[in-house]
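> Need coordinates for the following:
(one chain, ligands or ions: 1)
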Amino acid sequence: MTITAPTGFIGLGLMGGPMAANLARAGFPLTVWNRTPAKAEPLRDLGARVADSAAEVGAVSTVLITMVSDDDALEDLLFGAGGVAQAMSPGSVVIDMSTTSPSCMHRVASRLADTDIHLVDSPVFGSTEPALSGDLWAVVGASPDDLTRVRPQLDAMCATVFEMGPVGSGSLMKVAGNLVVTGMIALLAESLTLGKIGGLEPGVMLDVLDAIDFTSPLWKGKGSLVVAEDYAPRFPLRHALKDVRLARAVGLATGLDLRAVAGVEEDFVTAARAGHQDEDVMAVIRTVRSTADADGPERP
Ligand SMILES: NC(=O)c1ccc[n+]([C@@H]2O[C@H](COP(=O)([O-])OP(=O)(O)OC[C@H]3O[C@@H](n4cnc5c(N)ncnc54)[C@H](OP(=O)(O)O)[C@@H]3O)[C@@H](O)[C@H]2O)c1
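Numbers count the residues shown, from 1 in each chain. Prediction:
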């Protein structure tokens, strides 16, 4: 495939919107659709064609990119009443960039193969900022030929493309990687709360975490949201909860009980129930703080 390959994009949310914009800016002949139509308008301004239905995107695209919420959304989109997969031509390729389960990728690949449509399982690491700048990290499960065919599209959205193996291995890497990321976020919330109760300033704590030998861009990236008390969604808490549950389910299916992340799941569930599900995942700190207010030791 080349930059002239008719390319479709479905799912123009926090991530999909900027990712599709990078394809439009790179010059791909792009057709887009989003369930909530208003989110497609910025793409029209960049020269993309806005389709009237998801099936229309499938029908005109030889490479179709999906960036939707989860397994159910993807399977509903492709095989449900909208009939996207049915509308696609044999020989075309679907690149799923959503965070979905490896088992979903296997099911989707098998159903698409019935009509000779290929699946590239390509979730991404990186949040809204790398999505905007085209610097995401893709972890790809696909045949080498399929990956070669869609490389131009991936390169327009991603700084790095990791080849993980066959379909399903991209999702497995993403699920295993997000286990670390979500754990770090939950620990950061606990760490900053513990320090604050004892009189430490979060900004000063972040300077230290940023300087020591186990540092990560995540400390300041997410910690600065706490300093600013700004929980506008970059990585919505409901998706982080979905990812933690995915990791636990994948673990349990192989007999592995991921106990550390069970505590993370509990914190995210409590935060979602308290109404923070559409805020950034870092809003989990509100739940951690409220625990301290309710049951914690007296403050010094
Ligand atoms: N945000 C991040 O930092 C980040 C980073 C890496 C990976 N991810 C993953 O990327 C995916 C998208 O995340 P996001 O942050 O962009 O989420 P988002 O803003 O909630 O976008 C989700 C998109 O999926 C669409 N959608 C949901 N259910 C659908 C259905 N049944 N049929 C058709 N479209 C449907 C939504 O349409 P509407 O607009 O109509 O709701 C929206 O376009 C998720 O799997 C997430 O876990 C997110």
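
> which residues in this protein form helices?
16-26, 41-45, 54-60, 71-79, 84-87, 102-113, 128-133, 144-157, 169-197, 202-211, 217-228, 237-253, 259-271, 284-295 (DSSP state H).

> would CSV of these with mean pLDDT and mean neighbour count be doable?
C-betas here are computed from N, CA, C, even on glycine. As requested, the helices of the chain are arranged in CSV below (pLDDT from 0 to 100; neighbours: other Cβ atoms under 10 Å):
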stretch, mean pLDDT, mean neighbour count
helix 16-26, 98, 22
helix 41-45, 97, 14
helix 54-60, 98, 22
helix 71-79, 98, 19
helix 84-87, 98, 19
helix 102-113, 98, 18
helix 128-133, 97, 17
helix 144-157, 98, 19
helix 169-197, 97, 21
helix 202-211, 97, 15
helix 217-228, 96, 17
helix 237-253, 97, 20
helix 259-271, 95, 18
helix 284-295, 84, 17
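
> Mind checking those for the one nearest to Gly8?
helix 54-60 (3.9 Å; Cβ to Cβ).

> Give the other helices and strands that that closest one contacts.
Judged by 3 or more Cβ pairs under 8 Å, 6 or more residues apart in numbering; DSSP states H and E, the packing partners of helix 54-60 are strand 7-10, strand 30-33, helix 84-87.

> Quick one, grab the pLDDT at the nearest residue to Pro90 once chain neighbours are set aside.
In space, Pro90 comes closest to Asp116 once its chain neighbours are excluded; the distance is 3.9 Å by Cβ to Cβ, 6 or more residues apart in numbering. With respect to pLDDT, Asp116 has a value of 98.

> Number the chain from 50, please
In the new numbering, first residue 50, that becomes Asp165.

> What is the neighbour count of Asp165?
For Asp165, the count of nearby residues is 11 (other Cβ atoms under 10 Å).

> So what does it look like in phi/psi?
Main-chain dihedrals, Asp165, degrees, to the nearest 10: phi 60, psi 40.

> picking up where we left off before, same list, the helices of the chain, but as CSV with distance to Pro55 please.
As requested, the helices of the chain are exported to CSV (distance: least, Cβ to Cβ, whole Å):
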stretch, distance to Pro55
helix 65-75, 12
helix 90-94, 15
helix 103-109, 6
helix 120-128, 18
helix 133-136, 13
helix 151-162, 18
helix 177-182, 22
helix 193-206, 11
helix 218-246, 24
helix 251-260, 45
helix 266-277, 36
helix 286-302, 29
helix 308-320, 39
helix 333-344, 41
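
> Relative to Asn83, which of those is closest?
Among these, helix 65-75 sits nearest to Asn83 (Cβ to Cβ), with 7.6 Å.

> contact partners of the closest one?
Residues from elsewhere that reach helix 65-75, judged by Cβ atoms under 8 Å, 6 or more residues apart in numbering: 52, 56, 58-59, 61, 79, 81, 83, 88, 91-92, 95-97, 114, 116-117, 146, 177, 180-181, 183, 185, 202, 205-206.

> mind running it again at 6 Å?
Helix 65-75 has contacts (Cβ atoms under 6 Å, 6 or more residues apart in numbering) with 58, 61, 79, 81, 92, 95-97, 116, 180-181, 183, 205-206.

> For the ligand, tell me which of those residues show up nearby.
Leu61, Met116 (Cβ under 6 Å from any ligand atom).

> right, and Cys153 touches Asp121 too?
No. Look at Cys153 against Asp121 with Cβ atoms under 6 Å: they stay out of range, at 8.9 Å.

> Check the gap between Ala296 and the ligand for me.
Ala296 is 12 Å from the ligand, where distance means Cβ to the nearest ligand atom, to the nearest Å.
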